[in-house]
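Enquirer: only geometry, no sequence info:
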C-alpha cells in the first residue's frame, strides 16, 4: 500500500501534521508526528474526526486554509456556480423575493 502525505503544519515545538491518503481515494487521514523529546507516539486521525475536533488549533486552521486554496484554485478565473434550480440571465438581478431564497 502506498501512502502519500503532504505537510500541512509544523508546530513551534517541532510536531508535524500531514494530510495523507492511501491507494483508495476514501482512505484520507491526518498523521501527527510528535517531536522526539515529547516521547509521544505518532498517530493517525480520520479526516472527518480531525476536522470535527480541532477547531481553533493551528494545524486545523492550516488544513482549512489549504482546503480553501484548493477551492479557490479550482474556480479562479471562472464564473462561480449558480445556486438554485434555475439560472438567471447574465447580469440580471434577482427579484427581492428570489434573492431572499437564493442564499
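Expert: That came through, no problem. As the structure is a computational prediction, the values presented were derived from the model and not from experiment. Numbers count the residues shown, from 1 in each chain.

Enquirer: Pick out the residue nearest the middle of the protein.
Expert: residue 67 (3.1 Å; Cα atoms, centre = their mean).

Enquirer: Now that residue: which helix or strand?
Expert: Residue 67 belongs to helix 58-75 when assigned by DSSP states H and E.

Enquirer: buried residues in that helix?
Expert: Neighbour counts over helix 58-75 (16 or more other Cβ atoms under 10 Å) mark 59, 60, 62, 63 as buried. Every C-beta, even on glycine, is put in place using the N, C-alpha and C of the backbone.

Enquirer: want to throw the residues you listed into a markdown table with pLDDT?
Expert: Putting the buried residues of helix 58-75 into a markdown table (pLDDT from 0 to 100) gives the following:
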| residue | pLDDT |
| --- | --- |
| 59 | 92 |
| 60 | 92 |
| 62 | 92 |
| 63 | 92 |
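
Enquirer: Between the residues you listed, which sits nearest residue 28?
Expert: Set against residue 28, the nearest of the buried residues of helix 58-75 by Cβ to Cβ is residue 63 (11.1 Å).

Enquirer: Setting the sequence-adjacent residues aside, check what's closest to that closest one.
Expert: Excluding the flanking residues, the one nearest residue 63 by Cβ to Cβ, 6 or more residues apart in numbering is residue 8, at 5.0 Å.

Enquirer: Just the mean pLDDT for the helix or strand encompassing that neighbour, thanks.
Expert: Using DSSP H and E, residue 8 falls within strand 4-10. For strand 4-10, mean pLDDT rounds to 93.
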